[in-house]
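In: Quick one: sequence plus predicted model below, questions after.
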Amino acid sequence: SNKSVVNIAGTNLILKLKNKISPKSLVNLEIEWSVKIPEVQSVRFGSYDSTSMFIAYWYPQISVYDDVDSWDRMDYSGLVEMYNDCNDFDVSLNVPVGYHIWATGVWQNADEVLKQKYLDKYKLAWKSDEVIKIFEKEDLGSKEIYKTKNDFHTFKFTGENVPDFAFGISDHFLWDASSFEVDKSTGKRVYVTTAYRLSAKDYPDNCYYAKETLKYFSFEMPAVPFPYPSATVFNGGGGMEFPMIVNNGSEDSKAGTVGLTSHELAHQYMPFYLGTNERKYPFMDEGWAVMLPYDFQERMAEGNTPRLRTIKGYEDFAGNEFDLPLMIPTPTISWRSYRISAYNKPALAYDILRKTLGDNLFLKALRTYIEQWNGKHPIPTDFFFTFNEVSNQDLSWFWKPWFYDFSYPDLAIENVKSKRSSIVIQIKNQGKLPLPIKLQVMLNDEVVKEIYKTAEVW
């Protein structure tokens, strides 16, 4: 009675129902589909060797209907990434015995699948501040890991209130796990785990890095308790975030490993927990994923300078024809502008805003934004207005040039006047971007005075 008209447009499949879905009513959709796993490596999903894969973008997702654009009809193109509503997932994955799965959500049937030795290690990790090595080198290829007597066994996962589901699979990955207490009043713990190939020299310590990352996010910046029960770093390739699991390649330095791990895990807050529209406004999550871990990255890897790298990346690009206002939606710009618009420029804006407001006020505003807007699909103005309200300031002087205008960094010393006992220095903001001022006065090649003004000076 409800046969639908089906139309495929780009990456959207549109069903026009004959019987409309009225408000507060329910409809059950049963969809049969298949997906072919790419045989090549990819930063998002595919095969990383003949028996190791990361599976994402693998099932039909329901488009978001919001009060800004109604149905989200943007085509998925690679640059245009995440925008989903939160869902409850109940997933059973049937795979040949010998294969293990790490996924979004919490594994429900470990006691049915693992033999006691490994089950004990797995359960211990949920209570242990120390890293537990569940699958070690000598376990690879062992026939004594799994209880199952058949050719196939089933992994069951449930994920509550998350916007997507992805998973990694291998029959020869090492597996480490640990956890930490995120809420002392309830004793709630967050389970943190890594799954990686034997050749990944940077991964034996990565479970520790991942756990320390989530502790930093929970208690320092943004100082919002990690919102999910677990997080997994799967050693596939590239660097790509999914709810409660990230797909990361290997790095050749500690700074690289810490940087990639902390960046991808920052995405658990933005876009996933907040539900921001990364298809239109990637600066609302990528910029934060660059900026939020700055202090952690500097602390964990000596000599690491993530702020300077972000500045250098933007300085090399700033002011040219492809340096576009951040508010221009992603589908409208080219790949030449995307990296700067999504990552470098907004990360600098957030870091400069932090220095302008001071740590306490900035953190208060950021926490308010995250707690008030999680799951509600905030748009940029929701972020701007929340900071205005909490700071009790009209920050339009900052938002407009950083996010709406063709402004760029260019401060100039326009005039210097010497008086009997003082010097008057006039600085002009030629690029119109509100930047902090650091002015050094030198005498005989030595700095005799240094003056610092926050961006509020403009």
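Out: Everything's here; your move.
In: Give me the residue at the spatial middle of this protein.
Out: For the chain, His267 is the residue whose C-alpha lies nearest the centre (C-alpha atoms, centre = their mean; 1.6 Å).
In: can you list contacts of the helix or strand bottoming out on mean pLDDT in the chain?
Out: Every helix and strand in the chain was compared by mean pLDDT, DSSP states H and E; the lowest is strand 5-9, with a mean of 88. For strand 5-9, the external contacting residues (C-beta atoms under 8 Å, 6 or more residues apart in numbering) are 13-16, 73. To be clear about C-beta, it is placed using only N, CA and C from the backbone, and glycine gets the same treatment.
In: Relative to Ser170, how far out is Ser52?
Out: Remark: distance between Ser52 and Ser170 (C-beta to C-beta, to the nearest Å) = 4 Å.
In: joint contacts of these two?
Out: Contact with both Ser52 and Ser170 is made by residues Arg197, according to C-beta under 8 Å, 6+ apart.
In: neighbour-wise, which of the two wins?
Out: For Ser52 versus Ser170, neighbours defined as other C-beta atoms under 10 Å are more numerous around Ser170 (26 against 21).
In: Give me the distance between Lys201 and Asn235.
Out: The separation that Lys201 has from Asn235, given C-beta to C-beta, amounts to 11 Å.
In: just Lys364 next, same as before
Out: Lys364 sits 37 Å away from Asn235 when distances are taken as C-beta to C-beta.
In: Please apply the same query to Ser334.
Out: When distances are taken as C-beta to C-beta, Ser334 and Asn235 turn out to be 32 Å apart.
In: For these two, work out which one has more neighbours and name it.
Out: A count of neighbours by other C-beta under 10 Å puts Asn235 above the other of Ser334 and Asn235, at 24 against 9.
In: returning to what we had before: which one of the contacts of strand 5-9 is nearest to Tyr48?
Out: Each of those was scored against Tyr48 by C-beta to C-beta, and Leu13 proved nearest at 28.9 Å.
In: The closest one - how many residues pack around it?
Out: A count of nearby residues for Leu13, using other C-beta under 10 Å, gives 13.
In: Remind me which helix or strand it belongs to.
Out: Secondary structure from DSSP states H and E places Leu13 in strand 12-16.
In: re the thing from before, quick one: the least confident helix or strand of the chain to chain centroid distance?
Out: Shown here is strand 5-9, whose average C-alpha point lies 32 Å from the average C-alpha point of the whole chain (C-alpha atoms, centre = their mean, to the nearest Å).
In: now do stretch 388-399
Out: Using C-alpha atoms, centre = their mean, the mean C-alpha position of stretch 388-399 is found 26 Å from that of the whole chain.
In: Okay, strands next: where are they in the stretch 101-250 of the chain?
Out: Defined through DSSP state E, counting those that start in this stretch, the strands belonging to the stretch 101-250 of the chain, from first to last, are 106-107, 132-135, 152-162, 167-170, 174-183, 188-196, 230-234, 239-242, 245-248.
In: mind listing what the fourth one pairs with, with the direction of each?
Out: Under the criterion DSSP bridges, strand 167-170 sits next to strand 52-55 (antiparallel), strand 100-103 (antiparallel) in its sheet.
In: Can you name the residues in contact with it?
Out: Residues external to strand 167-170 that are found in contact with it (C-beta under 8 Å, 6+ apart): 51-55, 93, 95, 99-104, 157, 195, 197, 232, 234, 236, 245, 247.
In: Buried subset of those residues as a ChimeraX selection?
Out: Only the buried members of the contacts of strand 167-170 enter the following ChimeraX selection, criterion being 16 or more other C-beta atoms under 10 Å:
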select :52,53,54,55,99,100,101,102,103,104,157,195,197,232,234,236,245,247
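In: can you count the residues close to the nearest residue to Pro380 once chain neighbours are set aside?
Out: Excluding the flanking residues, the one nearest Pro380 by C-beta to C-beta, 6 or more residues apart in numbering is Tyr281, at 5.8 Å. By the criterion of other C-beta under 10 Å, Tyr281 has 26 neighbours.
In: do the same with Leu214
Out: Taking other C-beta under 10 Å as the neighbour definition, Leu214 ends up with a count of 25.
In: and it, how far is that from Gln430?
Out: In this view, Leu214 and Gln430 are 42 Å apart by C-beta to C-beta.
In: Surely Tyr48 is in contact with Glu39?
Out: No. Between Tyr48 and Glu39 there is no contact under C-beta atoms under 8 Å: 10.6 Å.
In: In terms of neighbours, single out the busier of the two.
Out: Between Tyr48 and Glu39, counted using other C-beta under 10 Å, Tyr48 has the larger neighbour count: 22 against 9.
In: Looks to me like the more buried one is in a helix.
Out: No. The secondary structure assignment for Tyr48 gives strand rather than a helix, going by DSSP: H, G, I helix; E, B strand; the rest coil.
In: Enumerate every residue touching the closest residue to Pro293 other than its chain neighbours.
Out: For Pro293, the nearest residue in space outside its immediate sequence neighbours is Ser262; the separation is 3.7 Å by C-beta to C-beta, 6+ apart. For Ser262, the contact set (C-beta under 8 Å, 6+ apart) comprises 209, 213, 216, 293, 296-297.
In: What of Lys345?
Out: Residues near Lys345 by C-beta under 8 Å, 6+ apart: 283, 287, 314, 323, 326, 402.
In: Would you convert these into JSON lines that also reports pLDDT?
Out: Shown next, in JSON lines, are these (pLDDT from 0 to 100):
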{"residue": "Phe283", "pLDDT": "98"}
{"residue": "Gly287", "pLDDT": "98"}
{"residue": "Tyr314", "pLDDT": "97"}
{"residue": "Asp323", "pLDDT": "97"}
{"residue": "Leu326", "pLDDT": "97"}
{"residue": "Trp402", "pLDDT": "98"}
